[in-house]
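Peer 1: sequence isn't available, so here's the structure alone:
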């Protein structure tokens, strides 16, 4: 997973989920908000963040700041991904498969936000296990972080066969 510096990127943020959480105190319940946000430049850079605050706009602002700190780079090949991956986080699993041009983004909820923010235009996804939006988003990011291009893999492995002897 290659971290990215968000400086100079034209980032757009998408709110995936906002939940109201309650803390029980002596006088009753005290409510606060938790927000999951995905930021991306639609050009191979995406990040996710969680923010908590007493008001919704503050929670979103904190989540965006957190997401900018957790940016990763995605290798894109003709608007899709180089190979199939399985991302796991907690009880959520997300299968992400490359698709031919014209397929579009076949994904739901948080996974769709991550994939579209990353700039992937043709992809097939399937979420397995838990549908918790926090875990689904993190599983999608974890899966996309595993992606490598053919050049990156051959660079790590070194030359093969005829190339090594020549």
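Peer 2: Arrived safely. The structure displayed is predicted, hence computed values, not measured ones.

Peer 1: and residue 90, how close does it get to residue 43?
Peer 2: Using CB to CB, to the nearest Å, we find residue 90 at a distance of 29 Å from residue 43. Any C-beta I mention is one placed from the backbone N, CA and C, and that applies to glycine too.

Peer 1: kindly report the same for residue 92.
Peer 2: 26 Å.

Peer 1: so these two - more neighbours on which side?
Peer 2: residue 92 (24 against 13; other CB atoms under 10 Å).

Peer 1: can you report how many residues neighbour the closest residue to that one other than its chain neighbours?
Peer 2: Among residues not flanking residue 92 along the chain, residue 135 sits closest, at 3.8 Å (CB to CB, 6 or more residues apart in numbering). Neighbour count of residue 135, defined by other CB under 10 Å: 22.

Peer 1: so residue 135 makes contact with residue 90?
Peer 2: Yes - in terms of CB atoms under 8 Å, residue 135 counts as a neighbour of residue 90; the distance is 4.1 Å.

Peer 1: let me see the contact set for the one residue sitting closest to the centre of the chain.
Peer 2: Centroid-nearest residue in the chain, with CA atoms, centre = their mean: residue 141, separated by 3.3 Å. Going by CB atoms under 8 Å, 6 or more residues apart in numbering, residue 141 touches 46-48, 70, 72, 87, 114.

Peer 1: and it, what pLDDT?
Peer 2: Here, the pLDDT recorded for residue 141 equals 94.

Peer 1: what secondary structure does it sit in?
Peer 2: helix (DSSP: H, G, I helix; E, B strand; the rest coil).

Peer 1: show me where this protein has its helices.
Peer 2: In the chain, the segments counted as helices under DSSP state H are 56-69, 109-117, 133-145, 150-157, 161-165.

Peer 1: what comes into contact with the fourth one?
Peer 2: Spelled out, that is helix 150-157. Against helix 150-157 from outside (CB under 8 Å, 6+ apart): 75, 82, 160.
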